[in-house]
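1. What shape does this take:
(one chain, ligands or ions: 3)
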Amino acid sequence: MLEKRKPIQVAEAVEKVMRYKQSGAVEFVSIKESHGRYLGKDLTATSDVPHFNRSPYDGFAVRSIDTKEASLQNEVVFEVVDHIGAGYVSSKKIGPMQAVRIMTGAKIPDSCDCVVMLEVARSFEDGDQSYMSIKRSFNAGDNVSFQGEDAKKGEVLVEKGTKINPGIQAILATFGYAEVPVAKGPVIGLFATGTELLEVEEELEDGKIRNSNSTMLIAQIERVGADVKYYGKLPDEFDTCYEAIATAIDDVDILITTGGVSVGDFDYLPAIYEKLQAEVLFNKVAMRPGSVTTVAQINGKLLFGLSGNPSACYVGFELFARPIIRYMLGCRSPHLRKETAILQQDFPKANPFTRFVRADVYVTNGSLMVRPSGVDKSNIVMSLARANAFMALPGGTRGYGVGDIVDVFMLEDFVGSNWPW
Ligand SMILES: Nc1nc2c(c(=O)[nH]1)N[C@H]1C(S)=C(S)[C@@H](COP(=O)(O)OP(=O)(O)OC[C@H]3O[C@@H](n4cnc5c(N)ncnc54)[C@H](O)[C@@H]3O)O[C@H]1N2
Ligand code: MOO
Ligand SMILES: [Mg+2]
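-> Ligands and ions are numbered 1, 2, ... in the order given. Have a look, this model is predicted:
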């Protein structure tokens, strides 16, 4: 008799998967290779930045006390006793009414406490001696870029699990991280199943289709930041699939399959889980698409049985596989980032299950707007191309209309959200 599956709620399914979360390993890569990876440890300041008081302007370093009598009516003259550019340090002890001509980025002499910009000073020579004069006073600290004003030694600057962007690259270089601790991406094994599948480069044949899910899932896995071990496609034959999957499990951290997970005569994944003696955490989720998404575990290792239908496969990966992979990469807000947006198109289709509609989120006049990115059926591929989010439409209503405020989950985002959503 046909097995009757009991759907569980999306939140319950996510929680069941996340019970198997584990911290991932950390490896060191050169700073050049670290761009786009995830920080494996909190990034701390190894020194103050700047680590000396620095001139933020081209000008003259002086003692502010010597400027106090300067005014429009009283021009005060300084003897210029040294001249330094960035990278040089003046060894002169600066006495009363003396100045050092100093360029942006150079260390301010210890005996000086402010900098006069070139524009407010008048420079002149008398014989071999240089002078400058000012007609206003300065306070201690004026035009000083202070030691530690950017960062203090020991301070945590960026948290572990953050994706390394160009700004973080600058920080890593500033603090001398030639080798960077990054999360070692978990290895995600991937199989596509389906006798109907052709390779990308093959000509179409009657009854057959090109395998688009593999390319899509590889990109989804890489977008999250993990490594993929792609094993290719399998025909819908029990023994072939069983052998291939049983062998691959030992070589990966998580195994993903697409297709063959429903109740059809050639959907072998349920029987494969049984023969592997894997515990099925759930095999039906109260959502559309992706209701057939199945997750099983064997000795704590997760097996994701994603739907063969492209949109269902895509959604199943983002909702259930992405967060646990992101957790393994050290991220402590691993779930899809949740925002709210204003619906811009009627969506009258009623459904008892929550819909995760592939959607286009955009900004108009400072507000987030959302509309479906194409046809909302689980076999549809085209709606995926323009989707930068899902909009969640809870089931059980008569549909949604323009102006409704709906939850959206951002796909091209690396900040994420905490749980519960
Ligand atoms: N009697 C029922 N039939 C179906 C049910 C159900 O509850 N009762 N669920 C439907 C739903 S919902 C979905 S979703 C699909 C899920 O099917 P499977 O996960 O078993 O996937 P397949 O049967 O292997 O394939 C479904 C569909 O997707 C195409 N496909 C498969 N792999 C790929 C690939 N790598 N690239 C592109 N397209 C792929 C495949 O050719 C099929 O058209 O089951 C419904 N049926
Ligand atoms: O799993 Mo199916 O995608 O709900 O359409
Ligand atoms: Mg099927």
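2. Next one: the residue located most distally from the centre of the chain from residue 79, what distance?
-> Residue farthest from the centre of the chain, counting by CA atoms, centre = their mean, is residue 127 at 61.9 Å. The gap separating residue 127 from residue 79 is 12 Å, by CB to CB, to the nearest Å. (C-beta placed from N, C-alpha, C; glycine too.)
3. before we move on, what about residue 196?
-> According to CB to CB, residue 196 stands 89 Å off from residue 79.
4. got it, and residue 402?
-> Applying CB to CB, the value for residue 402 to residue 79 is 75 Å.
5. Give me the more crowded residue out of the two.
-> Taking neighbours as other CB atoms under 10 Å, residue 402 and residue 79 compare with residue 79 leading, 15 against 11.
6. In terms of helices and strands, where is that one?
-> According to DSSP states H and E, residue 79 maps onto strand 76-84.
7. Listing partners with orientation, what would you give for that strand?
-> Here strand 76-84 has these sheet partners by DSSP bridges: strand 98-102 (parallel), strand 129-134 (antiparallel).
8. Which pLDDT value belongs to the closest residue in space to residue 85 that isn't next to it in sequence?
-> Excluding the flanking residues, the one nearest residue 85 by CB to CB, 6 or more residues apart in numbering is residue 103, at 4.4 Å. The predicted structure scores residue 103 at 98 on the pLDDT scale.
9. Likewise for the one 10 residues further on?
-> In the prediction, the pLDDT value recorded for residue 113 is 98.
10. re earlier: pLDDT score for the residue farthest from the centre of the chain?
-> The model reports residue 127 with a pLDDT of 96.
11. Please report how far it lies from residue 97.
-> Computed as CB to CB, the residue 127 to residue 97 distance reads 17 Å.
12. Same check on residue 417?
-> Separation of residue 417 from residue 97 (CB to CB) stands at 61 Å.
13. More neighbours: which of the two?
-> Taking neighbours as other CB under 10 Å, residue 417 and residue 97 compare with residue 417 leading, 17 against 14.
14. Contact partners for that one?
-> Applying CB atoms under 8 Å, 6 or more residues apart in numbering to residue 417 gives the contacts 333, 335, 336, 337, 338.
15. neighbours around residue 368, how many?
-> By other CB under 10 Å, the residues close to residue 368 number 16.
16. Quick check: it is in a strand.
-> Yes: counting by DSSP: H, G, I helix; E, B strand; the rest coil, residue 368 falls inside a strand.
17. and it, what is it in contact with?
-> For residue 368, the contact set (CB under 8 Å, 6+ apart) comprises 339, 340, 341, 342, 361, 362, 408.
18. go on, residue 311?
-> 289, 290, 358, 377, 378, 379, 380, 381, 383, 384.
19. Go again with 10 Å.
-> Applying CB atoms under 10 Å, 6 or more residues apart in numbering, we find residue 311 in contact with 216, 288-290, 356-358, 374-384, 387.
20. One more: residue 384?
-> Per CB under 10 Å, 6+ apart, neighbours of residue 384: 212, 216, 310, 311, 313, 314, 315, 358, 373, 374, 411.
21. and the stretch 301-421 of the chain, which of its residues are near ligand 2?
-> Within reach of ligand 2 by CB under 6 Å from any ligand atom, the stretch 301-421 of the chain has these residues: 307, 309, 312, 378.
22. Can you go through the contacts of residue 311 and name the buried ones?
-> The neighbour count (16 or more other CB atoms under 10 Å) marks 216, 288-290, 356-358, 374, 376, 378, 380-381, 383-384, 387 as buried among the contacts of residue 311.
23. out of those residues, which touch ligand 1?
-> Restricting these to those near ligand 1 - CB under 6 Å from any ligand atom - leaves 289, 378.
24. Which one of the buried ones among the contacts of residue 311 is nearest to residue 132?
-> Nearest to residue 132 among the buried ones among the contacts of residue 311: residue 387, at 62.9 Å, using CB to CB.
25. what about the helices in this structure?
-> 10-18, 166-174, 213-224, 238-249, 269-276, 310-316, 322-328, 382-385 (DSSP state H).
26. what comes into contact with the second one?
-> It stands for helix 166-174. 31-32, 34-37, 39, 43, 45-47, 49-50, 150-151, 157-158, 162, 164-165, 177-180.
27. From these, which land in strands?
-> Those of these mapping onto strands are 43, 157, 158, 179, 180, per DSSP state E.
28. Dump the residues you listed into a markdown table; add distance to ligand 3 as well.
-> Below are those laid out as a markdown table (distance: CB to the ion, whole Å):
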| residue | distance to ligand 3 |
| --- | --- |
| 43 | 46 |
| 157 | 49 |
| 158 | 45 |
| 179 | 48 |
| 180 | 44 |
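29. Determine which two of those are furthest apart.
-> Maximum distance among the ones in strands among the contacts of helix 166-174 (CB to CB): 17.1 Å, for 157 and 179.
30. between the two, who's got more neighbours?
-> Higher neighbour count among residue 157 and residue 179: residue 157, with 18 against 14, using other CB under 10 Å.
31. Was I right to think that one contacts residue 47?
-> No: with contact defined as CB atoms under 10 Å, residue 157 does not reach residue 47; the gap is 11.9 Å.
32. isn't residue 130 right next to residue 98, touching?
-> No: contact criterion CB under 10 Å: residue 130 and residue 98 do not qualify, at 11.1 Å.
33. Between these two, which contacts overlap?
-> When CB under 10 Å, 6+ apart defines a contact, the residues bordering residue 130 and residue 98 alike are 78, 79, 80, 81, 82.
34. Please name the residues that touch the third one.
-> What that stands for is residue 80. Residues near residue 80 by CB under 10 Å, 6+ apart: 60, 62, 98-101, 121, 123-125, 129-132.
35. ok, of those, which come out buried?
-> 60, 62, 98, 99, 100, 101, 121, 130, 131, 132.
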